[in-house]
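J.: Below are the sequence and a predicted model; questions follow.
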Amino acid sequence: MSTNGVERKRIRLTVNGAPVEREVEARLLLSDFLRHELGLTGTHVGCEHGVCGACTVLVDGEPARSCLMFAIQADGHIVETVEGLAASDDALHPLQRAFWEKHGLQCGYCTPGMLMVLKAFLAENPNPTEGEVREAISGNLCRCTGYQNIVEAALEAARLLRQHS
Amino acid sequence: MKPARFVYHAPTTLEATVQLLAELNVEAKLLAGGQSLIPMLNMRLVRPGHLIDLQHVSELAGIHERDGGIAIGAMTRQRQVERSPLVAERIPLLAEAVRHVGHLPIRTRGTIGGSIAHADPAAELPGVLLALDGTVHLVSVKGERTVAARDFFVDILTTAAEPDELVREVWFPRLPERSGSAWLEVARRHGDYALVGIGAVVTLADDGQAVAEARLCFISVAARPVRATQVEAALRGAPVTPATWRQAGALVQEELDPPADLHASAHYRRYVAGVLAERALELAARRAQEGAGR
């Protein structure tokens, strides 16, 4: 399909449990699709070349950098963003509660990426060591906290999630 | 929009893919996992007219046994290799090294074929392939051909693949009996590009007291992954002792001529290469003795 010579393709995917259908230009990044097309600005954009991890989302349950994917590559797949973490507007996901209680954020820019990578990591490794947590978030840069409270929050979230299950 | 405009193609068969590649040739770039290509597109360092997305070509994915080794389809994600019990059992050097490739959210997208075809001199997987004397299987409309790892990696981001060829599969041979392997690297942060990385293989003589064959393959010390062939020759027949590994480390520092860059000086790289060589050989030999690392 073409408008003004620009090729656009129709994609259908699931975002935070809801079906989404849009026509997109092939070069539109998944990160920009989420933010500009769907208004899901919780996914933050930092470096836009795969270094900072701020834009990390889950694709079919696996963490991925949304700035290193085209929206068109997510056609037919399941995408989860930070907006889909909490069960409702007035509730916090155990990960979010742990970050709140352990002061796992300062400016908050890296937080959505941290939360999403940790969601996938803790699903696979519910009882991690501190070292394993540090490795899991090694692809996510935080310039405020020095990571100490993020690691503590992740370990606290693991405890909360184990109690839940 | 970050990248420049391109025409997107999403073929579903290998036949259609090689046909497209033959037609478009240098106008097209192949999109595998995109973890190296998309950053380059985002920064407009590359501006291909056409992008051929390989993710729907199911023939390109999968891990299977072949010819006494393990063949891995080009579109197999690095994370699948990391999780594969078959890889862990048969090609432990690959299983050990793949954990160092980028970070978790990179490996979920990044592919084996993409890493091999990209040929970054700091990348782990080309180093593993060269350490194990593996092969790369290329396909084009003209047919298929197999290229040995030592001939495949030519220069920085440059391989023996022609513009109309694509990497179909990568083959990792199993090591002989009484062999052990080890992957070690030094990086500023786990998952960052290695300042120096080494894949070592030690095969013991029948009596277990001497080295029958040793292999040392380094990444991040040259324009492509390199074997320290002089050190390998010197190790043939050497006794399995700490002194042997220490001498090998010293020889590595003589043989290698690493470059300096923003991240490390040449002197530092050479020093680290020697230290890592000593440690990796010792570990590989111990695993060979334990029968745990073939």
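T.: Thanks, I have it. Residues are numbered from 1 along each chain as shown, chains lettered A, B, ... in the order given.
J.: can you pull out the helices in chain B?
T.: Counting by DSSP state H, chain B has helices at residues B:14-24, B:37-42, B:78-83, B:85-90, B:92-98, B:104-107, B:112-118, B:124-131, B:149-152, B:229-235, B:242-255, B:266-290.
J.: With distance to chain A, mean neighbour count and mean pLDDT as added columns, please give these in JSON lines.
T.: C-beta here means a position set from N, CA and C on the backbone, and glycine is covered the same way. Below are those laid out as JSON lines (distance: least, Cβ to the nearest Cβ, whole Å; neighbours: other Cβ atoms under 10 Å in any protein chain shown; pLDDT from 0 to 100):
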{"stretch": "helix B:14-24", "distance to chain A": "15", "mean neighbour count": "18", "mean pLDDT": "98"}
{"stretch": "helix B:37-42", "distance to chain A": "4", "mean neighbour count": "22", "mean pLDDT": "96"}
{"stretch": "helix B:78-83", "distance to chain A": "7", "mean neighbour count": "21", "mean pLDDT": "97"}
{"stretch": "helix B:85-90", "distance to chain A": "16", "mean neighbour count": "15", "mean pLDDT": "97"}
{"stretch": "helix B:92-98", "distance to chain A": "14", "mean neighbour count": "25", "mean pLDDT": "98"}
{"stretch": "helix B:104-107", "distance to chain A": "4", "mean neighbour count": "27", "mean pLDDT": "96"}
{"stretch": "helix B:112-118", "distance to chain A": "12", "mean neighbour count": "26", "mean pLDDT": "98"}
{"stretch": "helix B:124-131", "distance to chain A": "15", "mean neighbour count": "28", "mean pLDDT": "98"}
{"stretch": "helix B:149-152", "distance to chain A": "25", "mean neighbour count": "19", "mean pLDDT": "98"}
{"stretch": "helix B:229-235", "distance to chain A": "31", "mean neighbour count": "17", "mean pLDDT": "98"}
{"stretch": "helix B:242-255", "distance to chain A": "27", "mean neighbour count": "18", "mean pLDDT": "98"}
{"stretch": "helix B:266-290", "distance to chain A": "19", "mean neighbour count": "21", "mean pLDDT": "97"}
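J.: show me what contacts B:Leu283?
T.: Shown in contact with B:Leu283 (Cβ atoms under 8 Å, 6 or more residues apart in numbering or on different chains): B:Gly180, B:Ala182, B:Leu184, B:Ala200.
J.: if we go to 6 Å?
T.: By Cβ atoms under 6 Å, 6 or more residues apart in numbering or on different chains, the residues touching B:Leu283 are B:Ala182.
J.: The residue lying closest to A:Ala136 once chain neighbours are set aside is in what secondary structure piece?
T.: Leaving aside its chain neighbours, A:Ala136 sits nearest to A:Phe121 (4.1 Å; criterion: Cβ to Cβ, 6 or more residues apart in numbering or on different chains). Using DSSP states H and E, A:Phe121 sits in helix A:111-124.
J.: Packing partners of the helix or strand following that helix?
T.: Later in the chain than helix A:111-124, the nearest helix or strand by DSSP H and E is helix A:130-136. On a contact count with 3 or more Cβ pairs under 6 Å, 6 or more residues apart in numbering or on different chains; DSSP states H and E, helix A:130-136 meets helix A:148-164.
J.: for the helix it packs on, packing partners?
T.: helix A:94-101, helix A:111-124, helix A:130-136.
J.: Check these for me and report the most buried one.
T.: Neighbour counts (mean count of other Cβ atoms under 10 Å in any protein chain shown) averaged over each of these peak at helix A:111-124, with a mean of 23.
J.: now the angle between helix A:94-101 and that helix, please.
T.: 130 degrees (axes from the mean of the first three to the mean of the last three Cα atoms, to 10 degrees).
J.: that older thread, can I get the helix holding A:Phe121 in CSV, CA atoms only?
T.: C-alpha atoms of helix A:111-124 as CSV (Å, rounded to 0.1, in the frame of the first residue of the first chain):
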residue,chain,number,x,y,z
THR,A,111,12.7,2.4,35.3
PRO,A,112,10.3,1.0,32.7
GLY,A,113,13.2,-0.9,31.0
MET,A,114,14.4,-2.2,34.4
LEU,A,115,10.9,-3.4,35.3
MET,A,116,10.3,-5.1,32.0
VAL,A,117,13.6,-6.9,31.9
LEU,A,118,13.2,-8.0,35.5
LYS,A,119,9.6,-9.2,34.8
ALA,A,120,11.0,-11.7,32.3
PHE,A,121,14.0,-12.5,34.4
LEU,A,122,12.1,-13.3,37.6
ALA,A,123,9.6,-15.4,35.7
GLU,A,124,12.5,-17.6,34.7
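J.: can you list the residues that contact it?
T.: Contacts for helix A:111-124 (Cβ under 6 Å, 6+ apart): A:42-44, A:53-54, A:56-58, A:63, A:82, A:95, A:105, A:136, A:140, A:154, A:158, A:161, B:105.
J.: List only buried entries from those.
T.: A:42-44, A:53-54, A:56-58, A:63, A:82, A:95, A:105, A:136, A:140, A:154, A:158, A:161, B:105 (16 or more other Cβ atoms under 10 Å in any protein chain shown).
J.: Identify the residues contacting the closest residue to A:Lys9 other than its chain neighbours.
T.: Among residues not flanking A:Lys9 along the chain, A:Ile72 sits closest, at 5.7 Å (Cβ to Cβ, 6+ apart). Neighbour list for A:Ile72: A:Lys9, A:Ile11, A:Ala26 [criterion: Cβ under 6 Å, 6+ apart].
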